[in-house]
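have a look at this fold, sequence not included:
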């Protein structure tokens, strides 16, 4: 390459600021022409990249504006080695270097850039994506403000023990920051504001440092207990050119993931002994099944013991129609149990005790005297101090700081070896009784769902039943379910696969449902699954731009609104306080309802490019509207049905 080419290239770039606006006109016109379904001429092949030297051959000391290979190219090579399918982001100048490298050098493939309109949506999309796909999505955050916007979604993922691979742009060297906003968006310790709820963070000072930390971050994020990790990418490191000598020294380390920790053999043997010897054992699972195999492993243990299982729903742990699924009878089972096995419980204390929300709060346990508690929980291996999502301290008899799913095979094998022929007969009799009780529980749930069937606003049971009737013959996935809809889907639907239900937000932070649903639907898309979500109104309004992302990237998702026009949980809290203070409940709606004016969610969705109907108040119109929306989703587009509902 001649030095003249380099000089001419720099002069061209310097003039771009003057000619840029004019240059945009034909590009825009071309884009408009492409939307017309006419026989447009074939696109010209992309011009080969011009290699430009980083030196200044004029000797005039002019600005160096071009480089043969920026550091961001190597960073993209590392991300490709980690096989990221997507990187979700709201664009920002602090990571402009790697952004450009992803879309041009990396050809916008592995990872593909997902355009998001809010950092919280970016992270929540990655949250939902992982719970379907089982692998993390990368997320780019812009400096101080981007991390602050993302922080709520990061906290949700931390509480839910979901790995998010966060990459944050920053300009550390104050001597090279551009005047103005770059100072406000830069920081000395970018990870400080979220360090309490990420598993690990680092600020690489060289490209080789980045390569090694990138592998370490992935490994730590994917080792139970899983959690978000954060790498801070310095802008200078992204943009500075790599010399041939430097390039020869760079290498991408081989990724080696850690084997999930298993329970100690002695503790496993003791747990098996207690379970086999119990008259009324109970298994309680929350985030036990972290892979599709987890459900099978838990079913095998439960059937070996013929013990009832309570699925708390942090993940899809146990088939809903299995005769040993007794999730609707938690209190009764725990009160009668002589041995309770807790698998990845968020709150073991809360399973065995209750707090009375009165002026002077009191608590009491409802387990029987002498009941033995066994805990298998990887969270014991990594607990932070400041954010106390770990709940109250449970007094257990056998505590295994281990991954429950990884420990289940050894525990099941130990149980099978201990069961005598007499015990096997007793277990079979117990299983028969439990199957009869399970049938009674299901019939009771169906009877309860029939109440207010023809009411307007629409009952949450009717809403859920209409969705089930439309999707039951599809390969479906419930990617989010409004926490205030009385869990009718879990109570009534036939769920047996890990993607049939993926749990809740973890941290109960509002604003999770919509973007997590879009991220999960993205993961389901390549598998040809139908994604459906029951979307609450308050959650929708936190960051509604995610519906544009769904339309833009053609992510098929059936969304049915649970539009009760308020934050009903907060309505009940104000009612409780008003009663406690003896002031009546007539003003509990102030500050808690979303009406006057009512929000038209269908119009918002339509404005984002999403097919939408509603608001619907007649229950007889719900089913047909869902089927029309389903037809749109089957064509590969998102669709929304706004249903005005009862509070719960």
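Cool, got the structure. Because the structure is a prediction, the values reported are computed rather than measured. Residues are numbered from 1 along each chain as shown.

for the stretch 501-648 of the chain, just list every one of the strands.
Here the stretch 501-648 of the chain has its strands, by DSSP state E, counting those that start in this stretch, at 530-536, 558-563, 611-616, 639-644.

what score does the residue nearest the centre of the chain have for pLDDT?
Taking CA atoms, centre = their mean, the centroid of the chain lies closest to residue 127, which sits 1.9 Å from it. pLDDT, residue 127: 98.

show me what contacts it?
153, 156-157, 160, 162, 164, 505, 512, 515-516, 519 (CB atoms under 8 Å, 6 or more residues apart in numbering). Yep, even glycine has a C-beta here, placed from its N, CA and C like the rest.

let's have the strands of the stretch 501-648 of the chain in CSV, adding mean neighbour count and distance to residue 447.
CSV is the format used below for those (neighbours: other CB atoms under 10 Å; distance: least, CB to CB, whole Å):
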stretch, mean neighbour count, distance to residue 447
strand 530-536, 26, 21
strand 558-563, 28, 22
strand 611-616, 22, 25
strand 639-644, 27, 23
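
could the ones you listed be laid out in CSV, adding distance to residue 135 and mean pLDDT?
What follows is the strands of the stretch 501-648 of the chain, written out as CSV (distance: least, CB to CB, whole Å; pLDDT from 0 to 100):
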stretch, distance to residue 135, mean pLDDT
strand 530-536, 17, 97
strand 558-563, 24, 97
strand 611-616, 30, 97
strand 639-644, 27, 98
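
could you dump the ones you listed to TSV with distance to residue 392?
Shown next, in TSV, are the strands of the stretch 501-648 of the chain (distance: least, CB to CB, whole Å):
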stretch	distance to residue 392
strand 530-536	28
strand 558-563	31
strand 611-616	42
strand 639-644	38
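
ok, which of those comes nearest residue 208?
strand 530-536 (40.4 Å; CB to CB).

can you name every helix or strand that the closest one contacts?
Packed against strand 530-536 by the contact rule (3 or more CB pairs under 8 Å, 6 or more residues apart in numbering; DSSP states H and E) you find helix 460-471, strand 476-481, helix 513-525, strand 558-563, helix 622-634.

among those, which is nearest residue 184?
Residue 184 sits nearest to helix 513-525 of all the helices and strands packed on strand 530-536, at 26.1 Å, using CB to CB.

what's the closest one packed up against?
Using 3+ CB pairs under 8 Å, 6+ apart as the test, helix 513-525 ends up in contact with helix 119-133, strand 476-481, strand 530-536, helix 537-540, helix 546-552.

tell me which other helices or strands the fourth one touches.
It refers to helix 537-540. Against helix 537-540 (3+ CB pairs under 8 Å, 6+ apart) you get helix 513-525, strand 558-563, helix 601-607.

and of the ones you listed, who's closest to residue 205?
Nearest of those to residue 205, taken as CB to CB: helix 513-525 at 31.9 Å.

any idea how far the closest one is from the chain center?
Between the centre of helix 513-525 and the centre of its chain there are 8 Å (CA atoms, centre = their mean, to the nearest Å).

what do you get for stretch 570-588?
Remark: stretch 570-588 is offset 34 Å from the chain centroid, using CA atoms, centre = their mean.

do stretch 529-549 as well
The answer for stretch 529-549 is 13 Å, by CA atoms, centre = their mean.

equivalent analysis for stretch 372-387, please.
On the basis of CA atoms, centre = their mean, stretch 372-387 sits 21 Å off its chain's mean C-alpha point.

let the chain start at 677 from now.
I'll keep to 677 as the first residue from here, and by that count the last item is stretch 1048-1063.

averaged pLDDT, it. What do you get?
Averaging pLDDT along stretch 1048-1063 yields 94.

same check, this time on stretch 744-759
Computed over stretch 744-759, the average pLDDT equals 97.

with stretch 885-894 instead?
The model assigns stretch 885-894 a mean pLDDT of 98.

equivalent analysis for stretch 1133-1146, please.
The average pLDDT within stretch 1133-1146 is 97.

any idea how far it is from the chain center?
Between the centre of stretch 1133-1146 and the centre of its chain there are 25 Å (CA atoms, centre = their mean).

now stretch 977-988
What separates the centre of stretch 977-988 from the centre of its chain is 27 Å, taken as CA atoms, centre = their mean.

likewise stretch 1236-1243?
Relative to the mean C-alpha coordinate of its chain, stretch 1236-1243 is positioned 21 Å out (CA atoms, centre = their mean).

tell me which element residue 842 falls in.
Using DSSP states H and E, residue 842 sits within strand 841-846.

what's the domain layout of the protein?
The record's domain parsing of the chain by automatic domain parsing lists 678-730, 747-925, 941-1107, 1127-1320.

can you get me the start-to-end distance on the second one?
So that's domain 747-925. Domain 747-925 has an end-to-end distance of 13 Å (CA to CA, to the nearest Å).

ok, now the longest one?
One end of domain 1127-1320 sits 17 Å from the other (CA to CA).

how about low-confidence regions in the chain?
Applying pLDDT under 70 to the chain picks out residues 677-738, 1159.

what about the strands in the stretch 1027-1176 of the chain?
Using DSSP E, counting those that start in this stretch, the strands found in the stretch 1027-1176 of the chain span residues 1029-1032, 1038-1041, 1048-1052, 1074-1076, 1152-1157.

could you identify which of the ones you listed is most buried?
strand 1152-1157 (a mean of 27; mean count of other CB atoms under 10 Å).
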